[in-house]
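[1] one predicted model, sequence on top.
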Amino acid sequence: MSKLDLKKKLKEFYRASSKKPKVVNIPEGKFLAITGRGEPEGPAYTAALNALYSVAYALKFTCKAEGRDFTVINLEGLWWWDDLTITDIAHAPPRDEWNWKSLIRQSDFVTKEMVEAAKGDVKEKKGIEEVKRIVLEALNEGLSAQVMHIGPYSEEASTIQTLHKFIEEKGYAMRGLHHEIYMSDPRRGPQERLNTIIRQPIEIL
């Protein structure tokens with residue numbers, strides 16, 4: 001039985017240079033999503049990720065048993081503040097006031113009914129209350145610019161500034177939400193070698 005790997009199928013969008021930002025056109029996709037507020041890596045965020053991964057793997061094992069195995073793809077995140085005019089992290093509010101939506105891309109054949117069944121299984125077996133907040137939704141970012149950040153999440157500011165400068169110099173305007181794709185597991189390996197794609201939807205002025 002072959003295993004679907006969306007990261008390989010969509011490899012153009014899950015690769016980025018750390019030296020030069022690039023404009024890409026992101027296709028619409030289905031995502032498991034959970035929305036919250038609070039400090040990155042804080043208790044609310046950690047509990048949400050636990051629920052998200054639990055449902056993602058429950059879906060995978062159900063599909064595998066039915067002959068449609070797939071790889072659980074990298075975690076992604078949308079981040080924003082209540083004041084959407086703030087784009088410079090240097091002027092961000094306190095971290096406990098950050099809003100986030102954590103995402104895991106899904107195969108096209110995954111349905112809302114399948115997600116609800118997986119949520120029910122996880123709730124019954126693990127008692128994770130946060131699963132009730134997980135939804136299957138479409139995300140269609142379209143035209144975007146992205147770059148790879150190498151290093152700790154706390155040092156992303158200069159990479160974000162480089163991306164924003166690139167967008168301005170190329171004659172685009174930013175739209176939508178700041179998007180991160182976590183290509184490395186922070187629990188493994190040194191923080192200075194973490195790879196994170198920084199993505200920003202854009203539009204032509």
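    Yep, that arrived. Residues are numbered from 1 along each chain as shown.

[2] using the three-state scheme, assign the spatially closest residue to residue 205 that is not a sequence neighbour.
    In space, and not counting its chain neighbours, residue 205 is closest to residue 173: 5.2 Å by C-beta to C-beta, 6 or more residues apart in numbering. Heads up, the C-betas are built off the backbone N, CA and C, glycines and all. When classified by DSSP: H, G, I helix; E, B strand; the rest coil, residue 173 comes out as strand.

[3] does residue 173 touch residue 202 like I think?
    Yes: using C-beta atoms under 8 Å, residue 173 is in contact with residue 202, at 6.6 Å.

[4] looking at these two, which has the bigger crowd around it?
    Between residue 173 and residue 202, residue 202 has the larger neighbour count (other C-beta atoms under 10 Å), namely 24 against 10.

[5] neighbours of the closest residue to the more buried one other than its chain neighbours, how many?
    Of all residues not flanking residue 202 in the chain, residue 172 sits nearest, at 4.1 Å (C-beta to C-beta, 6+ apart). Close neighbours of residue 172, defined as other C-beta under 10 Å, add up to 19.

[6] residues contacting residue 172?
    23, 143, 145, 202-205 (C-beta atoms under 8 Å, 6 or more residues apart in numbering).

[7] thought residue 101 was touching residue 75?
    No: taking C-beta under 8 Å as the definition, residue 101 is not a contact partner of residue 75, at 11.4 Å.

[8] hang on, the earlier thing: what sits in contact with each of residue 173 and residue 202?
    Common neighbours of residue 173 and residue 202 (C-beta under 8 Å, 6+ apart) are residue 167.

[9] check which residues of the lengthiest helix in the chain are buried.
    As assigned by DSSP state H, the longest helix anywhere in the chain is helix 43-65. Of all the residues in helix 43-65, those buried under the rule 16 or more other C-beta atoms under 10 Å are 45, 47-49, 51-56, 58-60, 63.

[10] which pLDDT value belongs to the residue nearest the centre of the chain?
    In the chain, the residue lying closest to the centroid (C-alpha atoms, centre = their mean) is residue 76, at 1.2 Å. pLDDT, residue 76: 98.

[11] give me the element it is part of.
    strand 75-80 (DSSP states H and E).

[12] so what strands line up beside the helix or strand that that strand is followed by?
    As assigned by DSSP H and E, the chain's next helix or strand after strand 75-80 is strand 99-106. The strands beside strand 99-106 in its sheet (DSSP bridges) come out as strand 29-37 (antiparallel), strand 75-80 (antiparallel).

[13] and the gap between residue 123 and residue 116?
    10 Å (C-beta to C-beta, to the nearest Å).

[14] residues in contact with residue 45?
    Neighbouring residues of residue 45 by C-beta under 8 Å, 6+ apart: 36, 38-39, 100, 102.
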